[in-house]
Structure formats: structure tokens, C-alpha cells
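Novice: I would like to see how this sequence folds:
(chains A and B)
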Protein chains: 2
Amino acid sequence: MNTASASQSRPLEGLTVIDLTRALAGPYATLLLAGLGAKVIKVEEPKGGDLARENSPYLGRDGVIVERAHDDDISLSHLTRARGKYGVSLDLKSAEGRAVFLDLAAKADIVVENFTAGTADRLGVGYEACRAVNPRIVFASLSGFGATDRDGGKAMDVIIQALSGAMFTSGEPGHPPVRIGIPIADMLAPVFTVIGILAAIEQRHRTGTGQHVDVSMLGALTSFVAIENWSAMAAAGMASRTGLTVQRLSPFGVFECADGYVAVVAVHEPLARGLFAAMGQPELAQDPRFANRDARVANATELEARINAWSRTLPTAEVVRLLEAQKVPVAPVRHPEDALVDPRVVERMETMEVHHPRYGSNIDLRTAGIPIQFSGAATGFDDVLPVQIGEHNEEILRELLGYDDARIAALKAAGTL
Amino acid sequence: MNTASASQSRPLEGLTVIDLTRALAGPYATLLLAGLGAKVIKVEEPKGGDLARENSPYLGRDGVIVERAHDDDISLSHLTRARGKYGVSLDLKSAEGRAVFLDLAAKADIVVENFTAGTADRLGVGYEACRAVNPRIVFASLSGFGATDRDGGKAMDVIIQALSGAMFTSGEPGHPPVRIGIPIADMLAPVFTVIGILAAIEQRHRTGTGQHVDVSMLGALTSFVAIENWSAMAAAGMASRTGLTVQRLSPFGVFECADGYVAVVAVHEPLARGLFAAMGQPELAQDPRFANRDARVANATELEARINAWSRTLPTAEVVRLLEAQKVPVAPVRHPEDALVDPRVVERMETMEVHHPRYGSNIDLRTAGIPIQFSGAATGFDDVLPVQIGEHNEEILRELLGYDDARIAALKAAGTL
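Specialist: A predicted model of the protein is given here:
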């Protein structure tokens, strides 16, 4: 577990978050808050806890394994998403559990939940219940279609990707849609949730009161899709779904090499000349089909065929070297495993190593860091993780809430913890 | 132009942003700040301005057009990204221009720039220069590889997508990489920039001083890619790049209909039984190849073929209806044009209409809204847009900086504005 630099504080230190989230979308929101310095207290059902604890693969004494073999094998989903969080178990379906939760909310700045819309209110742990005990609370809800949705629709990443239009932005025209391999619907809603929470905290400095922040997975991803001018391009007769290349900017896009692929951008005049020189065919700059931008766009299919005919004969590294020498923007298309260990990304802790708290790791495992650098603050995760459900029950209930041993014992005996 | 509700204030009201950004990544960051209520002052070169003004298509008196025909035709890129921003022209390469900029920075809370790394410092408008006149300034830089990069590498979206590993997360195994049709590298860095800015503003409440916030496009996108456990899955022998379906969760993914595609998730027992019932083949639930989750995963290829053989014969709407009746999570794979007008998304202003300030629009054009709802605050854009470069010079220089008419006239005469 990486820890924050001891020399600088983190920007959100002093803020306390009660985290009711499960799976990916919610826990990624509170992971970002933890990495920025907030104290995050993850609340789990005493029986079973976060379902992400059951996601294969696991990391444990035998390294990475598909099926859990020991009690202390930990799902990589849990190991990466629960970093820097304290863990409390709490049966929210019991009156005692709700009372403990409201005691936590009374001491907190922020609550985050990603139950199906309406569930938190039904359980008695929604915004109104929290506000009654703490008018300063910022209560964030993250759901498939927003808190306004009363259908309670199930919102898995692939369902939201399908509805958002995102699947028909990639791929070749006329071909099937493309499921994006990053869980983009699950990941975008939480970044907007964090923006909403921090904006509400800023407003609280002015007004003294908190509020409800409500983010929809469908809305977050659809707003991203909406940044391209789909209807306008259609109205103007411009192709929008164009596969690996964009012919209206030709040459622009991904080309084939002998052992892989490269991305190349040579839209403007000097770049196109540089590309032709790298190809060993500088005369193309005089060819009327390719001599200026309009000509290159009009003859894009022929131009792309020529580029591929050249690049296909060479290793990716050689194509990159030849184009870089001509100052043409170029990059190898990398696989995730290679991308995650790029020294530029590792140095800035935008990806971070994963270790089992007890056994470390037998291979280099990397996960998401906080991709923001501050000149006057650190980022990173405290060396704390709820390995077991309720791992920090006593610490939190005693120190934050002032419960005594007898009360904690009674809650345990009743199955509330 | 949608305007914020008059009855509620917006969360970031009172904060002033000086916006030096161009193209997409930076302007999207300041667009979010504007929609959350900050006063954003967009600074452009007096000659040419933001390059996004030249992006086709345009909107004007003749509706949507590919080539600009009139002075007041506005690029849809500019029209959507500059919403709610004031416009000031300023030659930052002149000493007078820098002096005006530093006067603005002295009055502001936040500066945002997305020049190539190191350029702002070279121009004399970087963090150190701003801090000297305003120690409370939060200065955000957004670049391809972060402020630590001294290669000054060009960072177009497609180059960053290639380097991040994102292109090899989608598509069928063994097939070429997939360029994601949303400019995901350009869009993710700004959301993290906004999180960084708001976290630094929160820290400023404690410390009284600002700081430099530095976000890398490569780092932001790679951190997203890193949330999946690529190395661990490879080590455990689990397929990670799996195309339209995920066989280890079978049935899960995208299936073909007579007139389109649907996304279906039927991982758990009752859902699989619901799917078989919808298919009119309830006996599959007893078939040893499909009778439990392990069996379905082991026979995923056969199972997917059977689902496609059924769904391919029916219209998408009918497949959706049959599966919804069985409470199986299902959604049509929609095109962006249809997704952007979903009433759930329109109502929450997650997508918003686009109008030319003078001519409106001849068709329904939609763009990104702010995908966050606040119970105690409005979001949305003031009815202001720099149609011309320097549109609000006099208003800003007079009201914010207290310059008199003679000084403004002199700056104009010198070509500084």
C-alpha cells in the first residue's frame, strides 16, 4: 500500500465521509476522496459485506488465484477499491443499526451511497434522515438514472453503455456496436459525484448548510457522448462514426505495423510532408492527390492504403522512430499491461502497485492512483484497509462516536455489527 | 442558451476563473466550472483566438453548414464549449498583455491553462508569476504528460488513447485495436482538473494560500484503464479483452436483433431462467449445459449462439419487451442522436439544446450539460458567449479591473487587446 508523503498534508484532510457504497461506481468515488485526504468509513452489511469481495481474481498467500482458497485471500476488486478506507459493519435493516449510522452521519461531512434510487430513503438512511441529525451534511447519491427515477432500473455498466450511445461511437461504419472495455459508465458517474460533493462543500462555506447531490450513470456518460456534435454532423453530411481513422482530417488515426499498430496525426502541411519523408516517398508532397489538405481528405482512402502499405512492412518501434525524427505526432498502440508501467505514469503515481497487506504480491500488479498533482499537498492512501468486514468497528465507534465497551459488546451480541 | 434558475444560486458562485485554455480539454474544464456558477473569463489571442473557432461544422443564419459563409457563423465547437463564459482578447506575448493578465490573476481565484508543458512559464503567465501577485491563486495546468514533462510532446486525443492501453481494451481478441469514438483522453483530464481545483480551493479555506494543480491527459486516462486488473487476470489465465460479450459472466453482453442490438445481463440464476423463458425455451434451465452458472460459463459459446439465433429473428423493441417482462436487465444499443434526447437525460439537463445567439437553430442540436443535480443549488450557463474575440473587453477591464476608457483605448490602439 502506498502511503501519503508525511511532509505535506492532503487537500481534503479534516473531512469525514460515511461510505455506504458497493460494487464499483460508488466505491471509486470514495476512493478518490480517500486519496485526496478525507477520512472514509466504509459501512458494510455484517453478513457478506460488499459484493466486490467475491470478484475473482484474488490475491493471497499463493499469489494471484481464480478461486478463493484461504480466509485471507482478498479479491483484487476489494483490495484496490477499499484502499485507505476504514471498515465498519452495520445492519442497516435494524433500528439499532440505523441509530449507529445516524450517529456516524451526525459526526460526518459527507455521506455517499449507490443503492438503487429510493432505497436509502426506504431504509431510513437517506438525505432527510441525515439532515435531521446534521444540517451540514452533504449527501451524495449515485444511481443508474438519478434519484428522480422511480422505475428502479438495474444499471450495470453494459446497460448504461448501450443506452448512452457510446457503443455506436466506436468501430467501423455499418459494423456492430463496440462494448468499451473500460467500465466507463461505472467510472464517470463517480468523478462527477466527487465534483458535486466538492462543489457542495464549497457552497457550505457560504451558507452553513449541506444538501443532496444526485448523479446518474446514464446522465454522466450521455453528457460525455454529447460533447461531439452528432446531429450537426449528420445534418451537414459529415461522417461521425469512422472507425480507426478520421478521413476528414486525413491522415489521422491508427495504422498497421508488422508487429502492432501506431497512432499518427499528420493533418497540417508540415506534418504531412514529414510523414511522406519518413515513408521515403517525399515526392507524394508534390502529387496532386496529396499536395494539400483538401486533396488529402478527398483521396483519404488511397492515402491510408499507401501509409499502411509502408507501415505494415516495419516494426512498430521503427515506424515510431522514423516519424518522431520528422516531428510527426506518433505513438505505439500499447496494451494495458505496458501502459500501466510507463515511467511517466508510475512516477506521478497515476498507477500504483497493489500488495496484499500480509503477503505482498508475487507479480507486478498495478491499479489506479489519483491522477492529480498538487504543489502544496500530497495525495495517496493511508495504510488502512478493511480486510475483514467490520475490521475497524471498535476504533471508529469508540474514538469517533465515544461508545463504551459495554455498548459495543451489546451491538455485537445483537448482530447489529 | 439555457440559463440557471433564478431562484437558486449555483454552488461555485463568487469564484472567478481566468481561462487561458484552447481546443477541447481545457475549455471543457472551465465549462464545468461555469455551469457550476463560477465567473469564467476566457482569454484569447487578439488575432485568430481559440483554434476551435475554426472547427467545422458551423451554425448560423443558414442553419448547420460545413464551410463558414458569414462573419456570424459560429463553429459548434466554440458555441458549445464557450457557453456561459466572458471573452477578453489579450496578446500574452506583449509586456502590456502580460500586465493586464496579471491584473486579472490578482482579482481571480483560479487560473486554468492547457498550453504545452512549460509554455505558460516561458510566456511569464505561469504559476510563479501569478502567485507573486496573488498568493491565494489556484493555478491549474492540463497537458499531455503533466507539468513534469520536458519533451513537450504533442498530446492529441488519439495519441493518448494509443499510449494509455485504452485502445486494446475494446474489440474482439486478436483483432485490431479500437479507437474510442468519444474523445475520452481530452475529456477525462478536465474532470480530474476540476476535482483538483475544488480540492485546492477547499485546502485554501484551511491554509489561506493557493497552489499549482497539474493534470496529465495520459495519467488521467491510464488511471481509468488501471481500474481493471489486467495483469492479475493475465496471471490467473482469465481473458480480459473479450469483445461484445464477457464469457466468464455468461450470458452477459451485446446480442444481435433483426434491426439492431441489445445489451443483456443474465448472470445470476433467476435472470438466466428469465432469459430462457423469454426465449420460449424454458427447458434450457434443465439442460445440463446451462443449468447453473459454472455450466453456462463453460458452454458460453454455445449459449451465446442460441441467444443470437433467437434475438436475430426479432425486432430490438420486441426483445427488450420480452426480457423486461421477465425482469432481466436489458437495453437497446442506441445511436448517439437517440440517446441525447432520452427524456430522463433531457429533464435533468444532462444534455442541453444548442442555439445560435441570434439565429437559434433549424434542427434539434444537443450538447453536454452538467450531469449533477443539487437539492440546494442550480446549475447551468449564464446567457453570455464571446461570439467575437474580445467581446467583453470593456465590461471586464472596466468593472473587474477598474481601467478607465483612456487606458482601454490605449491597449486597443497598441494591439494588446
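Novice: Mind giving me the packing neighbours of the lowest-mean-pLDDT helix or strand in chain A?
Specialist: Ranking every helix and strand in chain A by mean pLDDT, DSSP states H and E puts helix A:230-235 at the bottom, with a mean of 91. For helix A:230-235, the contact count by 3 or more CB pairs under 8 Å, 6 or more residues apart in numbering or on different chains; DSSP states H and E identifies strand B:63-65, helix B:336-339 as packing neighbours. From N, CA and C alone the C-beta is placed, and that goes for glycine too.
Novice: again, only using 7 Å
Specialist: Contact partners of helix A:230-235 among helices and strands, from 3 or more CB pairs under 7 Å, 6 or more residues apart in numbering or on different chains; DSSP states H and E: helix B:336-339.
Novice: Say whether chain A is contacted by the helix it packs on.
Specialist: Yes. Between helix B:336-339 and chain A, judged by CB under 7 Å from any CB of the partner chain, the touching residues are B:336-339.
Novice: For that helix, which outside residues touch it?
Specialist: Helix B:336-339 is touched from outside by A:163-165, A:168-169, A:222, A:225, A:230-231, A:234, with contacts defined as CB atoms under 7 Å, 6 or more residues apart in numbering or on different chains.
Novice: Write out the residues of the stretch 301-417 of chain A neighbouring chain B.
Specialist: A:329, A:331-340, A:344-345, A:348, A:350-351, A:363-369, A:371-377.
Novice: Which of those fall within helices?
Specialist: Members of those lying in helices (criterion: DSSP state H): A:336-339, A:344-345.
Novice: Write the ChimeraX selection for whichever of those are buried.
Specialist: One line in ChimeraX is enough to select the buried members of these, burial here meaning 16 or more other CB atoms under 10 Å in any protein chain shown:
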select /A:336,337,339,344,345
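Novice: just how off-centre is stretch A:235-254 within its chain?
Specialist: Averaging C-alpha positions (CA atoms, centre = their mean, to the nearest Å) puts stretch A:235-254 28 Å from its chain's average.
Novice: Buried residues in that stretch, which are they?
Specialist: Using 16+ other CB under 10 Å, the residues of stretch A:235-254 that count as buried are A:235-236, A:240-254.
Novice: Filter the residues you listed down to the ones in helices?
Specialist: Counting by DSSP H, the buried residues of stretch A:235-254 place A:Ala235 in helices.
Novice: Return the backbone torsion pair for the closest residue to A:Ser250 other than its chain neighbours.
Specialist: If the residues on either side of it in the chain are set aside, A:Ser250 comes closest to A:Ala300, at 3.6 Å by CB to CB, 6 or more residues apart in numbering or on different chains. In this entry, A:Ala300 is assigned phi and psi values of phi -60, psi -40 (degrees, to the nearest 10).
Novice: Check whether A:Ala300 really touches A:Gly253, as I assumed.
Specialist: No. Between A:Ala300 and A:Gly253 there is no contact under CB atoms under 7 Å: 9.7 Å.
Novice: Now for those two: what residues contact both?
Specialist: In contact with both A:Ala300 and A:Gly253: no residue, using CB under 7 Å, 6+ apart.
Novice: Tell me who's in contact with A:Cys257.
Specialist: Residues in contact with A:Cys257, defined by CB under 7 Å, 6+ apart, are A:311-312, A:314-316, A:319.
Novice: Which of these are buried? Put it as a PyMOL command.
Specialist: For anyone working in PyMOL, the buried entries among these, judged by 16+ other CB under 10 Å, can be selected with:
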select buried, chain A and resi 311+314+316+319
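Novice: tell me which element the residue most central in space within chain A is part of?
Specialist: With distances taken as CA atoms, centre = their mean, A:Met187 lies nearest the centre of chain A, 3.8 Å away. With the criterion set as DSSP states H and E, the secondary-structure element containing A:Met187 is helix A:184-207.
Novice: CA atoms of the very next helix or strand once past that helix as PDB?
Specialist: Elements were assigned by DSSP H and E; along the chain past helix A:184-207, the next helix or strand is strand A:212-216. Coordinates of each C-alpha in strand A:212-216 appear next as PDB, following Å, rounded to 0.1, in the frame of the first residue of the first chain:
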ATOM      1  CA  HIS A 212     -28.300  16.400  -1.600                       C
ATOM      2  CA  VAL A 213     -26.100  15.700  -4.600                       C
ATOM      3  CA  ASP A 214     -27.500  13.300  -7.200                       C
ATOM      4  CA  VAL A 215     -25.700  11.800 -10.100                       C
ATOM      5  CA  SER A 216     -27.000   9.500 -12.800                       C
END
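Novice: Break chain A into its domains for me.
Specialist: Split into domains by automatic domain parsing, chain A comes to A:16-225+A:342-413, A:247-256+A:261-332.
Novice: Need those domains in a markdown table (columns: distance to B:Ala140 and mean pLDDT).
Specialist: What follows is these, written out as a markdown table (distance: least, CB to CB, whole Å; pLDDT from 0 to 100):
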| stretch | distance to B:Ala140 | mean pLDDT |
| --- | --- | --- |
| domain A:16-225+A:342-413 | 9 | 96 |
| domain A:247-256+A:261-332 | 24 | 97 |
